[in-house]
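Peer 1: Turn this into a model:
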Amino acid sequence: MNIILSGYGKMGRLLENRAAERGHGVAAVIDPFAAASGEAASLTGAGIFDTIDSFEKRNGPVCGCIALDFSRPDAAERNIRTFAEKKIPALVGTTGWYDKLDELGALFERNQGSLLWASNFSLGVNIFYRIAAYCAALIDPYDEYDAGAYETHHNQKADSPSGTAKMIAGHVLKNMKRKTKAVWDKLDRPPKPEELHFSSLRVGAEPGVHGLVFDSAADSIEIRHTARNREGLVSGALIAAEWLDRNVRAGRHGVFTMDDVLA
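Peer 2: Predicted coordinates:
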């Protein structure tokens, strides 16, 4: 599998290393910040470019590559639109662009392209989503249990709440009918019965914790996923990219999520 890394931060560097271990090559790195500083990709010798266009000016049209985007929320929409227009299959782990999901997904569909997106590619987190949905549905009939949630990440994370937190909230709201709205901001009042309060904390080097709490006067039930490092994200992203590459080679196109990979 030939990879274009879109974003050469911590995740990009880890992906480069693990991709090489799995026998994949990195054709190019797209990151204007890395390009400006003259960084070189560590293992493959791939060039670093400001944009896909700058890569194509030197190397010709992109062909046979899968783009892995772990860039920044403020760059994600532009990157994804470029992948769609140039018919580059794209796996996107960047969050903060989901208000454009329908529009960009339709662009991939029109161009017979392939987009695989997830707020979190960790296999453990995606299993957690299913557990959260099941627990919410199981406890919904019992009014004595209230629900709330929390997430904690390192102090360099660019968005809050996390994309993973939004996905967890979505699963709870879909399956717990008496909760109709997630509230993310600081509350200077008690939450309403229909509100799911979801708090965020940014501190230190914490790679990621997400928890869901069902609490009553008699007892409390808590489920939690704790990431020890980014290895789960990297492993899951490469497994998903290999799945996407197989489907593209087989002529199957569209917009996919980790549910499709797990299935």
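Peer 1: Look at R18 and say how many residues are nearby.
Peer 2: 15 (other CB atoms under 10 Å). Every residue, glycine included, has its C-beta placed from N, CA and C.
Peer 1: Need the contact partners of the helix or strand where R130 lies.
Peer 2: R130 belongs to helix 123-139 when assigned by DSSP states H and E. With CB atoms under 8 Å, 6 or more residues apart in numbering as the test, helix 123-139 has contacts from 118, 120, 145, 147, 164, 167-168, 171-172, 174-176, 179, 210, 212, 214, 221, 223, 225, 227, 232, 235-236, 239, 258-259, 262.
Peer 1: Mind checking which of those residues land in helices?
Peer 2: 164, 167-168, 171-172, 174-175, 232, 235-236, 239, 258-259, 262 (DSSP state H).
Peer 1: What residues sit buried inside stretch 103-121?
Peer 2: Residues of stretch 103-121 classed as buried by neighbour count (16 or more other CB atoms under 10 Å): 104-105, 107-108, 113-121.
Peer 1: Likewise for stretch 78-93?
Peer 2: Within stretch 78-93, the residues that count as buried by 16+ other CB under 10 Å are 79-84, 86-93.
Peer 1: swap in stretch 212-225?
Peer 2: L212, V213, F214, I223, H225.
Peer 1: What's the end-to-end length of that stretch?
Peer 2: 9 Å (CA to CA, to the nearest Å).
Peer 1: Domain map for this protein?
Peer 2: 2-121+231-262, 123-226 (automatic domain parsing).
Peer 1: which of those has the lowest average pLDDT?
Peer 2: Mean pLDDT across the domains of the chain is lowest at domain 2-121+231-262; the value there is a mean of 93.
Peer 1: Tell me, how many residues neighbour the closest residue to Y150 other than its chain neighbours?
Peer 2: Spatially, and ignoring its direct neighbours in sequence, Y150 is nearest to S199 (4.6 Å; CB to CB, 6 or more residues apart in numbering). Using other CB under 10 Å, S199 is surrounded by 17 other residues.
Peer 1: Surely S199 forms part of a helix?
Peer 2: No: assigned with DSSP: H, G, I helix; E, B strand; the rest coil, S199 falls outside any helix and is strand.
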